[in-house]
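K.L.:
fold the following and give me the result.
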Amino acid sequence: MLDEDAYGLGFGTYSLTDEDGIDALVTAIEAGYRHLDTARLYGNEEEVGEAIDRADVDRDELFVATKIAHFEEPEPTPSYVREGVAESCDRLGIDTIDLLYHHWPGGSEDIEAVLPVLDDLRTSGPVERLGVSNYTPADLELADDLLDAPPYAVQAEMHPFLPQEELRGAVRDRDAYFVAYSPIAQGEVFDSPVITEIAEKHGVAEAVVTLAWHRSKDVVPIPRSKTPEHIRSNRDALTLELDETDLDRIDAIDRRLRCEDPDWMEWS
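P.N.:
Purely as a prediction, here's the structure:
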């Protein structure tokens, strides 16, 4: 298991590209983030690799996660997976991917084609740990039949408007990490009166309250920001202690929102 303070609050990199993206990534690493999350589909693995090279932190201190999907291929082939992973290593400038996710599964046939290849890469290739991203509980049951061991991490959208009770239960049953992307609902938490009141009570930003709420549920949030002030202040979630009243009030929010909801994806 990973050190909670070092890796229990990750840094998302979606849309962080070019020099501005590299600057944000370097700021995050030097502010104390050690868990970096990217993906082949983000088109920024080179920027993440450049930031790792520029930052005044040893590579061995970082936990680098990336993802592979099959939107560029008419069908998922083992050669595509292997070549894609090799390309990710090259772009990131690393020999080993600490955590590789299967990203946005395109149905059971996709899962059945991809997971055995990833499992082989975990045991004999440049992948230290295997994860899955945007899997449903039913997808996890299929993964149980295909993998030698449960995934190390399951990544999905989660925030107070999408608390993911069923999926979190399935992840907990497998003793895996739940990693939450879009943890502040792409800014929507700033418009929640409940979260704003709790933030004012503790003298912190709404984002900090929300990230602390995730951590209270043993979830690893991976917020993304380009603003140095926000990058640094989000780490206050590591020390913020929400009381039971705070947590109950957030849990009672009845608004429901899924920020990432492609037409082709079936969530149940």
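K.L.:
and stretch 7-18, average pLDDT?
P.N.:
Stretch 7-18 shows a mean pLDDT of 95.
K.L.:
what residues sit buried inside that stretch?
P.N.:
The neighbour-count check on stretch 7-18 (16 or more other Cβ atoms under 10 Å) flags 7, 8, 9, 10, 11, 12, 13, 14, 16, 17 as buried. Bear in mind the C-beta positions are built from the backbone N, C-alpha and C, glycine included.
K.L.:
from those, which is closest to residue 207?
P.N.:
Of all the buried residues of stretch 7-18, residue 207 sits closest to residue 9, with 11.4 Å by Cβ to Cβ.
K.L.:
list phi and psi for the closest one.
P.N.:
phi -130, psi 110 (degrees, to the nearest 10).
K.L.:
related to what we said a few turns ago, what about the buried residues of stretch 7-18, which are in helices?
P.N.:
residue 7 (DSSP state H).
K.L.:
looking at the buried residues of stretch 7-18, which is nearest residue 112?
P.N.:
For those, the nearest to residue 112 is residue 14 (27.3 Å; Cβ to Cβ).
K.L.:
for the residue lying closest to residue 31 once chain neighbours are set aside, phi and psi?
P.N.:
Leaving aside its chain neighbours, residue 31 sits nearest to residue 232 (4.9 Å; criterion: Cβ to Cβ, 6 or more residues apart in numbering). Per-residue torsions, residue 232: phi -70, psi -40 (degrees, to the nearest 10).
K.L.:
with residue 64 instead?
P.N.:
Main-chain dihedrals, residue 64, degrees, to the nearest 10: phi -110, psi 120.
K.L.:
who touches it in this structure?
P.N.:
The contact partners of residue 64, by Cβ atoms under 8 Å, 6 or more residues apart in numbering, come to 36, 38, 48, 52, 92, 94, 97, 98, 99.
K.L.:
if you set the cut-off to 6 Å instead, what comes out?
P.N.:
By Cβ atoms under 6 Å, 6 or more residues apart in numbering, the contact set of residue 64 is 36, 98.
K.L.:
could you give the bridge partners of it?
P.N.:
Residues in a beta bridge with residue 64, per DSSP bridges, are residue 36.
K.L.:
check for me that residue 112 belongs to a helix.
P.N.:
Yes: under DSSP: H, G, I helix; E, B strand; the rest coil, residue 112 sits within a helix.
K.L.:
okay, and for this structure, where does confidence drop off?
P.N.:
Within the chain, the segments meeting pLDDT under 70 span 1-6, 71-76.
K.L.:
re the thing from before, what's the closest of the buried residues of stretch 7-18 to residue 205?
P.N.:
Using Cβ to Cβ, residue 9 is the member of these that lies nearest residue 205, at 14.3 Å.
K.L.:
contacts only, for residue 246.
P.N.:
Counting by Cβ under 6 Å, 6+ apart, residue 246 touches residue 198.
K.L.:
next one: phi and psi at it?
P.N.:
Dihedral angles for residue 246 - degrees, to the nearest 10 - are phi -60, psi -50.
K.L.:
over to residue 151?
P.N.:
Phi and psi for residue 151, reported as degrees, to the nearest 10, are phi -60, psi 150.
K.L.:
and it, what does it touch?
P.N.:
130, 131, 132, 176.
K.L.:
quick one, which of these are buried?
P.N.:
Among the contacts of residue 151, those classed as buried by 16+ other Cβ under 10 Å are 130, 131, 132, 176.
K.L.:
send me the strand or helix carrying the third one as CSV with only the CA atoms.
P.N.:
What that stands for is residue 132. Per DSSP states H and E: residue 132 is located in strand 130-133. Extracted in CSV, the C-alpha atoms of strand 130-133 (Å, rounded to 0.1, in the frame of the first residue of the first chain):
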residue,chain,number,x,y,z
LEU,A,130,-2.8,-2.7,-13.1
GLY,A,131,-5.9,-0.6,-12.8
VAL,A,132,-9.2,-0.1,-14.6
SER,A,133,-11.0,3.2,-15.4
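K.L.:
next helix or strand past that strand?
P.N.:
The helix or strand immediately downstream of strand 130-133 is helix 137-146, counting by DSSP H and E.
K.L.:
check the offset of the next helix or strand after that following helix from the chain's centre.
P.N.:
For helix 137-146, the succeeding helix or strand toward the C-terminus, using DSSP H and E, is strand 153-157. Centroid displacement of strand 153-157 relative to its chain, using Cα atoms, centre = their mean, to the nearest Å, is 6 Å.
K.L.:
alright, that wraps it up for me.
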